[in-house]
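Chemist: Here is my input; please provide its structure:
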Amino acid sequence: VLFRSNRAITLWDYEHLILQHFPEVYKVKCLNHTKQRVVDGAGKISFLSPGNILIVVIPDIQNKNVFDIFEPRVSAAGLKRIQDFVNKYNSLHVTACVVNPVYEKVSVSLKVRFRAGYDEIYYQQVLNDAIVKMLSPWAFDKSAALSFGLTLHRSKIINSIEKLEYVDYIEDVVLSKGTATNLVNATPENPVSILVSAKKHNITLSEKK
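Modeler: Next up is the predicted model:
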């Protein structure tokens, strides 16, 4: 890839420069006029920072030993290596910072009645695993993309669960993200965030006969 004046000028330049030189990176998202600040020990995103570019990278998780498949991250050393590299190509008065995504866990709470002949204790775990795959399909399916900005819809989750052969019916389905509960849709807080499944969902047996 050739850049004008040997500089990364557009966000497209940054993204393709990283993907070309760092094969361990799967996806790149660049945010203009954006900076990560530390406030009270926590990272905060400022979207009003002229001269700053925030670069969010997702590592390639296919056939790789990733510490947490649900929250794949580039190591601190890897982030610094990418950051030092791209800053050599910056335009004048521009600073780039490379970070991992912010992963926001989504959980489902519901009551279920299984069809006759299905062991209730065993299939509570089976259903939990199925919900995890619904919310984070990319962790199990190579053809499923891990992407920014995706919204999870409660109605679609309900529809998918009701189609499972071992499920008779479900009720009191609650979708939660962080402290927000009973959501109709779960949406990322900002462009740096990605929704992921909680590893354990609250599945109880319906008492209706």
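Chemist: from here on, contacts and neighbour counts on C-alpha atoms
Modeler: OK.
Chemist: ok, now which ones touch residue 135?
Modeler: Residue 135 makes contact with 106, 152, 196, 197, according to Cα atoms under 8 Å, 6 or more residues apart in numbering.
Chemist: Return the closest of those residues with respect to residue 10.
Modeler: residue 196 (29.7 Å; Cα to Cα).
Chemist: Show me where this protein has its strands.
Modeler: 25-32, 35-39, 42-46, 52-59, 95-99, 102-114, 152-153, 167-177, 185-186, 193-197, 202-205 (DSSP state E).
Chemist: any low-confidence regions in this protein?
Modeler: 1-9, 37-43, 63-67, 209 (pLDDT under 70).
Chemist: give me every residue that touches the residue sitting nearest the centre point of it.
Modeler: By Cα atoms, centre = their mean, the chain has its centre lying nearest to residue 194, at 2.9 Å. Shown in contact with residue 194 (Cα under 8 Å, 6+ apart): 101, 102, 103, 104, 147, 148, 149, 150, 188.
Chemist: partner residues bridging the residue nearest to the fifth one when sequence neighbours are not counted?
Modeler: Sequence neighbours aside, residue 194 is the residue nearest to residue 147 in space, at 7.1 Å (criterion: Cα to Cα, 6 or more residues apart in numbering). Note on residue 194: beta-bridge partners residue 103, judged by DSSP bridges.
Chemist: do you know how far residue 194 is from residue 123?
Modeler: The gap separating residue 194 from residue 123 is 29 Å, by Cα to Cα, to the nearest Å.
Chemist: How about residue 95?
Modeler: Distance, residue 95 to residue 123, by Cα to Cα: 52 Å.
Chemist: Repeat that for residue 164.
Modeler: For residue 164, the distance to residue 123 - Cα to Cα - is 11 Å.
Chemist: Select the longest helix from the chain.
Modeler: helix 120-135 (DSSP state H).
Chemist: how about that helix: buried residues?
Modeler: Using 16 or more other Cα atoms under 10 Å as the test for burial, helix 120-135 gives 120, 124, 127, 128, 130, 131, 132, 133, 134, 135.
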